[in-house]
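K.L.:
whatever this is, show me its structure:
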Amino acid sequence: MMAEPYKMATNAPPLDERCVNIVQGEYHVDNDPRTKLTTILGSCVAACLWDPLAGLGGMNHFLLPGVDSRQAEPSGAAMRQGVHAMELLVNGLLQKGADRRRLQAKLFGGARMIKGLTDIGDLNAAFAERFLHAEGIAIVGGSLRGSQGRRLQFWPVSGRARQVLIGIEQTILRPGHDFAAPKPQVASGALELF
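P.N.:
Residues are numbered from 1 along each chain as shown. Next up, the predicted model:
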């Protein structure tokens, strides 16, 4: 009887992984198991959608600008930009063979980055939740709101997501000392969502 050959774990990333960074206003759809989508979020939101049966998914990154301080909701132009970003992602998935009935979503971002101003992050998060609910797309995970930025990785074929929270070290000013710019600091621990 021969011994079974060593097998690599199935959830390990491929050796030739391809990283695609998504910046504000962009989206990307992919069905290559070597692809990892990445972005950095503050008050922006990234919607990660995928069809597990088709083995295909994508991510967008959007901000709803133009909120009038007298309104609790984004203005018409801002809403159109958010809807446009979400429709581009959904339509991109459907064009590559996804079935709308099987789409699943994870939402990330929407942090309140500046206290005392309109909470644009909450408006972005609420918009994304309303949009997906209206479209009948199940939200199965993610991380919305809070007060920290996020570094996000998403594997579109499997729907696996990983985030690292990003904080800002506060600088205390003392008389007679030079001002030092705040240094980015990664918060303890990463959160991996399957």
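K.L.:
right, and the helix or strand after the longest helix belonging to the chain?
P.N.:
Secondary structure assigned by DSSP state H gives helix 76-95 as the longest helix of the chain. Read in the C-terminal direction, the helix or strand following helix 76-95 is strand 104-109, with elements assigned using DSSP states H and E.
K.L.:
mind listing what's buried along stretch 148-158?
P.N.:
Within stretch 148-158, the residues that count as buried by 16 or more other Cβ atoms under 10 Å are 148, 149, 150, 151, 152, 153, 154, 155, 156, 157. The way it works is simple: take the backbone N, C-alpha and C, and place the C-beta from them, glycine included.
K.L.:
how about those residues in a markdown table, adding secondary structure, distance to residue 134 and pLDDT?
P.N.:
A markdown table is the format used below for the buried residues of stretch 148-158 (DSSP: H, G, I helix; E, B strand; the rest coil; distance: Cβ to Cβ, whole Å; pLDDT from 0 to 100):
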| residue | secondary structure | distance to residue 134 | pLDDT |
| --- | --- | --- | --- |
| 148 | coil | 28 | 93 |
| 149 | strand | 28 | 95 |
| 150 | strand | 25 | 95 |
| 151 | strand | 29 | 96 |
| 152 | strand | 24 | 97 |
| 153 | strand | 28 | 98 |
| 154 | strand | 23 | 98 |
| 155 | strand | 27 | 98 |
| 156 | coil | 23 | 98 |
| 157 | coil | 26 | 97 |
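K.L.:
show me where the chain has its strands.
P.N.:
Under the criterion DSSP state E, the chain carries strands at the ranges 18-21, 27-30, 35-41, 45-51, 56-60, 104-109, 138-144, 149-155, 160-168, 184-193.
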